[in-house]
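[1] sharing a model prediction with you, sequence too.
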2 protein chains.
Amino acid sequence: MEQTKNTFKLLLELFEKYLEEEGFEGFPEVLASPASHIMQVKGKRIRPLLLLTACHVFNGDMKLALGPACAIELFHNFSLVHDDIIDEADVRRGKPSVHIIYGTNKALLTGDALLLHSVKMLVKTSNEHLAELLKVFLKATSEVIEGEQYDMDFEEMNEVTEHAYMMMIEYKTSVLLAASLQMGAIIGDASHDDQEHIYDFGLNLGLSFQIKDDYLDAYGDGETFGKKIGGDIIQNKKTYLLIKALESATREERNTIFNLFNEIDEKKKVSAMMVLYNGLGVKEKTYEKMEKLYQQAILSLDNVSLDRHAKKPLYELAEMVYNRKH
Amino acid sequence: MEQTKNTFKLLLELFEKYLEEEGFEGFPEVLASPASHIMQVKGKRIRPLLLLTACHVFNGDMKLALGPACAIELFHNFSLVHDDIIDEADVRRGKPSVHIIYGTNKALLTGDALLLHSVKMLVKTSNEHLAELLKVFLKATSEVIEGEQYDMDFEEMNEVTEHAYMMMIEYKTSVLLAASLQMGAIIGDASHDDQEHIYDFGLNLGLSFQIKDDYLDAYGDGETFGKKIGGDIIQNKKTYLLIKALESATREERNTIFNLFNEIDEKKKVSAMMVLYNGLGVKEKTYEKMEKLYQQAILSLDNVSLDRHAKKPLYELAEMVYNRKH
């Protein structure tokens, strides 16, 4: 474990160095300040880390992986900037959002510039892998946009199906994690089968992560970073928990839930919904689903045709992602 | 002339057919309606026409040019959707803007999807030219975003320099025309010198076109499509005319101009500004500039190493663009 931690540390250092030195080459000067704001309000760099680790386990050339890793992180940050405009979110990772500091119009253009620049960074990997990398990248990124639109549409609905919900979180979150891993594998000259397995690993890991996110909103242990317990309930978010509740609720309970959507007293709203959730076995059903997805992720990773020792960093990364305290 | 007109007609038909049949392959279904709205509220398809004509005069393979032509038009339409959000413009080409029909958030995501899809369409040209095409495309598109930010910044200023203004219109409008031509030339295996000449041709053509746009706002013959005479004056737009006026105005005249920025009576504002423009020789100076730029464009086209007859469609296209009634 200690040794793998060192590997991650090393990969992240390489990434930060590359990002700092080459990541903004050719980026519009006039938008550099808002762009570096969002890039510096660091997340955990989970996507570049997935890409670099995948490249590492397949013994790929790390020099070729840094541009694509940078592309993925730039794209992710583009999506945060535009999502915060759409969701009117004032805070991101504990700091004011880009549109709060720089205004909506500048934030919009900053997002556009980050998106274009992400492609530019990918193209920098001008080698035999380019066409394949572009294909995977452009499919996933397009699906992220699509997922965001689904998410917006859900806000207008009282109820969504489990199928629609799973598709939304797949597109909005999971495909980019999956694509990151596949891109790393491509650079490491992985076979098509292995590319598929590692993609599925990322996809299911992302899904389990997202359902756990829903779970922790109601059943987490106290305040989590930037989010309060029951925040999803207050916002009428169409979470996996709500879907499971509505699924097994009586007609009367369903009406109670729909009426709760209009409850203004937040404390009352959360506690009333939690009583319903508890009565309907929502906690257990959600826990079961997220555990099952996580096991599927591990199974996909098992199928990757490298020996277990070589894959160790990916197993550990999966655990880190899944067991994060938010 | 008649024969060239037929060539243009043919190229545009090819383009529309391709756009309809393949242009939206893989585009997010959930955003297809707003995307096809903006694409169908047709402009003159000037950018794809430039690209296809350049490919044609260099005897390039038209099948390889349709994807890139589509990419350029998709990108242009992305920029219109986001610009209309930024400018709060309710109308585009005589029809309601995307954000008016579908709401700002959906319009924002539609723009994002169009932008990504433009790259996807370009990548479809998976051949020996891809890396070169991507380079030209990504540079120009990034500059377009930058130009839009300059334009926004100018709104907050009382005065901009001629240099800053020329750079803004170069980025916001001209580089994409220039890149369209260069991309067509690349597909036609043009030499680097010829690529440069045709790029400069497009750049200067775009600049002359943009200055003429300013000119026509004050000195056009009556109402033009979707724009009324003096519209720029009413909006305090930092046009070439205003820059020339401020340049040669006395301190007193400058103050009069700055005070006019706050004049609420639109009719009074326009006529007072026109009196100043006329007294300061703005009409002549602007006319001279746009003619000079147009001549530079023609000179660059003269330098392209094809015989004059082969280049004929480009000369005629230049004339069409420059002499349009808006």
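    Looks like it came in fine.
[2] so who does residue A:252 touch?
    Residue A:252 makes no contacts at all, as judged by C-beta atoms under 8 Å, 6 or more residues apart in numbering or on different chains. C-beta: built from backbone N, CA, C; applies to glycine.
[3] swap in the one 4 residues further on?
    With C-beta under 8 Å, 6+ apart as the criterion, the residues that contact residue A:256 are A:272, A:276.
[4] distance of it relative to residue A:249?
    Going from residue A:256 to residue A:249 by C-beta to C-beta, to the nearest Å gives 8 Å.
[5] now do the shared contacts for these two.
    residue A:276.
[6] can you get me a residue count around residue A:268?
    11 (other C-beta atoms under 10 Å in any protein chain shown).
[7] what of residue A:180?
    33.
[8] repeat for residue A:169
    Quick note: residue A:169 (other C-beta under 10 Å) scores 22 neighbours.
[9] for the lowest-mean-pLDDT helix or strand in chain A, which helices and strands make contact with it?
    Every helix and strand in chain A was compared by mean pLDDT, DSSP states H and E; the lowest is strand A:91-92, with a mean of 88. Applying 3 or more C-beta pairs under 8 Å, 6 or more residues apart in numbering or on different chains; DSSP states H and E, one finds that strand A:91-92 contacts no other helix or strand.
[10] each with direction, which strands does that strand pair with?
    strand A:95-96 (antiparallel) (DSSP bridges).
[11] unless I'm mixing things up, residue A:211 is touching residue A:293, no?
    Yes. Using C-beta atoms under 8 Å, residue A:211 is in contact with residue A:293, at 6.5 Å.
[12] the residue of the stretch 151-300 of chain A at minimum distance from chain B sits in which helix or strand?
    Closest to chain B within the stretch 151-300 of chain A is residue A:152: 5.9 Å, counting by C-beta to the nearest C-beta. Here residue A:152, judged by DSSP states H and E, is contained in helix A:130-155.
[13] what about that helix, average pLDDT?
    Helix A:130-155 shows an average pLDDT of 96 in the prediction.
[14] just stretch A:29-39 next, same as before
    So the average pLDDT for stretch A:29-39 ends up being 94.
[15] can you tell me what sits against that stretch?
    A:19, A:23-24, A:27, A:73-74, A:77, A:80-81, A:92, A:95, A:98, A:101-102, A:106-107, A:109-110, A:113-114, A:117, B:145-146, B:149-150, B:153.
[16] after the helix holding residue A:152, which helix or strand is next?
    helix A:162-169.
[17] what residues does chain A put near chain B?
    Contact residues, chain A versus chain B (C-beta under 8 Å from any C-beta of the partner chain): A:26-31, A:82, A:85-86, A:105-106, A:108-109, A:111-113, A:115-117, A:119-120, A:123, A:126, A:130-131, A:134-135, A:138-139, A:141-143, A:145-146, A:148-150, A:152-153.
[18] could you pull out the buried residues of stretch A:82-98?
    Neighbour-count burial for stretch A:82-98, counted by 16 or more other C-beta atoms under 10 Å in any protein chain shown, picks out A:82, A:83, A:84, A:85, A:86, A:92, A:97, A:98.
[19] same question, stretch A:262-282
    A:263, A:269, A:270, A:272, A:273, A:274, A:276, A:277, A:280, A:282.
[20] against residue A:272, how distant is the last one?
    So the one you mean is residue A:282. 14 Å.
[21] and the least confident helix or strand of chain A, how far out from the chain middle?
    16 Å (C-alpha atoms, centre = their mean, to the nearest Å).
[22] one more: stretch A:317-325?
    With C-alpha atoms, centre = their mean, you get 13 Å for stretch A:317-325.
[23] CA atoms only: put it into CSV for me.
    The C-alpha coordinates for stretch A:317-325 follow below in CSV (Å, rounded to 0.1, in the frame of the first residue of the first chain):
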residue,chain,number,x,y,z
LEU,A,317,-7.4,3.5,-6.5
ALA,A,318,-10.8,1.9,-6.7
GLU,A,319,-10.9,1.6,-2.9
MET,A,320,-9.7,5.2,-2.5
VAL,A,321,-12.4,6.5,-4.7
TYR,A,322,-15.2,4.3,-3.2
ASN,A,323,-14.2,4.8,0.4
ARG,A,324,-13.5,8.5,0.3
LYS,A,325,-15.1,10.6,3.1
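[24] check which residues of it are buried.
    A:317, A:318, A:321, A:322.
[25] restricted to helices, list the residues you listed.
    Within the buried residues of stretch A:317-325, residues falling in helices by DSSP state H are A:317, A:318, A:321, A:322.
[26] related to what we said a few turns ago, any idea which of the buried residues of stretch A:82-98 is closest to residue A:47?
    residue A:83 (15.2 Å; C-beta to C-beta).
[27] count the neighbours of the spatially closest residue to the closest one that is not a sequence neighbour for me.
    Leaving aside its chain neighbours, residue A:83 sits nearest to residue A:148 (6.3 Å; criterion: C-beta to C-beta, 6 or more residues apart in numbering or on different chains). Residues near residue A:148, counting by other C-beta under 10 Å, number 26.
[28] just residue A:43 next, same as before
    14.
[29] need the three-state assignment for it.
    coil (DSSP: H, G, I helix; E, B strand; the rest coil).
[30] can you pull the phi/psi pair for it?
    phi -90, psi -150 (degrees, to the nearest 10).
[31] what ranges in the stretch 1-150 of chain A fall below the confidence cut-off?
    The model of the stretch 1-150 of chain A has pLDDT under 70 over residues A:1, A:126.
[32] quick one: residue A:46 from residue A:15, how far?
    Plainly put, residue A:46 is 11 Å away from residue A:15 if you go by C-beta to C-beta.
[33] which of these two has more neighbours?
    residue A:15 (22 against 19).
[34] before we move on, what SS does the more buried one have?
    helix.
[35] elements contacting whichever helix or strand residue A:295 is part of?
    For residue A:295, the host element (DSSP H and E) is helix A:282-303. In this structure, helix A:282-303 makes packing contacts with helix A:192-219, helix A:240-248, helix A:308-322, judged by 3+ C-beta pairs under 8 Å, 6+ apart.
[36] nearest to residue A:6, out of these?
    helix A:308-322 (10.3 Å).
[37] give me the helices and strands touching the closest one, please.
    Packed against helix A:308-322 by the contact rule (3+ C-beta pairs under 8 Å, 6+ apart) you find helix A:2-22, helix A:46-57, helix A:192-219, helix A:282-303.
[38] what mean pLDDT does that helix have?
    94.
[39] could you export the helices and strands packed on helix A:282-303 as a markdown table, including distance to residue A:50?
    Converted to a markdown table, these look like this (distance: least, C-beta to C-beta, whole Å):
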| stretch | distance to residue A:50 |
| --- | --- |
| helix A:192-219 | 7 |
| helix A:240-248 | 23 |
| helix A:308-322 | 7 |
